[in-house]
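1. Make a model of this:
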Amino acid sequence: MAQTTKAAPARSRKRPTTPKPAADAETLVSYYRQMLLIRRFEERTARAYTEAKIGGYCHLNLGEEATVVGLMSALRPTDYLFTNYREHGYAIAKGIEPRRVMAELYGRSTGVSKGWGGSMHMFDAEARLLGGYGIIGGQLPLATGAALAVDYKGGDEVVMCHMGDGTAAIGAFHESLNIAALWNLPVVFVVINNGLGMGTTVEQSSSEPELYKRGAAYRMDSARVDGTDVVAVREAAVTAVEHARSKSRPYLLETISPRLKGHSVVDPARYRSKDEKEALLSEDPVARFAAELEKAGTLTAETLQTIEDEVRAEVEEAAAFADASPAPDVSTLFDYTYATPVPGEGRRLPADPVFTS
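-> Residues are numbered from 1 along each chain as shown. Below is the predicted model:
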């Protein structure tokens, strides 16, 4: 039978190789610094978008920093990550330099995907980030296949696969969970539930709004956690990851992680009332965690300001690096289309003649 855990009350640079005890002061400070780095990075990203330095679609992790850091701190460097288009914070927390992430957003050759992927399509084999995916649910079958490869090779790696709450309603969700459970694959499916599929609430779109309960249909252990509490997320994620690793069984984890802004940078979120927006800001997980650490004596006002100054400088350096980096050469447009050379592969650019004399 599936294990279900009640949600916590809704107030509620590189990660260590072996996760430290959650109560360790040094670890808590590192979590805070990483959450703040992601917050300031995303704010700088929003500014760059308004300056037309970033094009295309752009989705931010604002408000989800505790979930991002808690999940990534539970993984080993050798574990694999598949995520969706809201991925900047995950790339940073997976150990990719912020300057390379920002350069990718700017479409520069020094970026994670050499400037050809942009906000929604980051990929770094060394960090084992195997893609952000713009197609809703496109990552689920691929993550399941990666877990099958791990199992086939007899490895001890775990695959973590993120998705939004809206993805839990599509066919690939059910197909992937079913085959992962049927074949005992080491994959952790994580539903980042921010309460809204774009502008539609979960309650209005799902007959079972407690999405973690869907694991029961596949006899899959599952849990729900307060995604605004970084320590709670980390503990839930460690349980899920070690379950997948030791038992080679999939796990479904749901985090309740309200986003502070609209679905994308250009979404004004008019579907939220003024009171709802104010309530979300009052429960800002980054500000709340800072207050908790200061109250506990883990950080002082001076050290908080020092961290703030360091993080801002790092983000500004990342933006300057992206600005100064070159755009990819047009000749590289078709690089990496296939893993190996393919006879007859087309490399004709727009406006190029179909035939040449």
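2. And the helices in the protein, which stretches?
-> 25-50, 65-72, 88-93, 98-105, 139-153, 171-182, 202-205, 230-247, 274-282, 285-295, 301-324 (DSSP state H).
3. measure Ile307 to Val188 for me?
-> According to CB to CB, to the nearest Å, Ile307 and Val188 sit 30 Å apart. (Each C-beta comes from the backbone N, C-alpha and C, glycine too.)
4. same check, this time on Leu252
-> In terms of CB to CB, Leu252 sits 8 Å off from Val188.
5. And Asp229, by the same measure?
-> Shown here: Asp229 relative to Val188, a distance of 18 Å by CB to CB.
6. Compare neighbour counts for these two and give me the winner.
-> Val188 (28 against 24; other CB atoms under 10 Å).
7. what's near enough to touch the more buried one?
-> Contact analysis of Val188 by CB atoms under 8 Å, 6 or more residues apart in numbering lists 158-161, 237, 240-241, 243-244, 250-253.
8. Tell me the most packed of those residues, by neighbour count.
-> Using other CB under 10 Å as the neighbour criterion, Pro250 leads the contacts of Val188 with 33 neighbours.
9. and the residue nearest to that residue when sequence neighbours are not counted, how many neighbours?
-> Once flanking residues are discounted, Pro250 sits nearest to Ala180: 4.0 Å by CB to CB, 6 or more residues apart in numbering. Residues lying near Ala180 (other CB under 10 Å) number 29.
10. So Ala180 sits against His174, correct?
-> No: contact between Ala180 and His174 fails when scored by CB atoms under 8 Å: they sit 10.8 Å apart.
11. Spit out the residues that contact the two alike.
-> With contacts taken as CB under 8 Å, 6+ apart, Ala180 and His174 have no neighbour in common.
12. got a list of what Phe173 touches?
-> Taking CB under 8 Å, 6+ apart as the test, what Phe173 contacts is Gly137, Leu140, Met163, Thr167, Arg214.
13. let's go with 7 Å and repeat that
-> Phe173 sits next to Gly137, Leu140, Thr167 when contact means CB atoms under 7 Å, 6 or more residues apart in numbering.
14. Repeat that for Asn61.
-> Ile38, Glu42, Val68, Arg86, His88, Gly89.
15. The fifth one: how many residues sit nearby?
-> When neighbours are defined as other CB under 10 Å, His88 has 28 of them.
16. Relative to Leu196, how far out is it?
-> In terms of CB to CB, His88 sits 19 Å off from Leu196.
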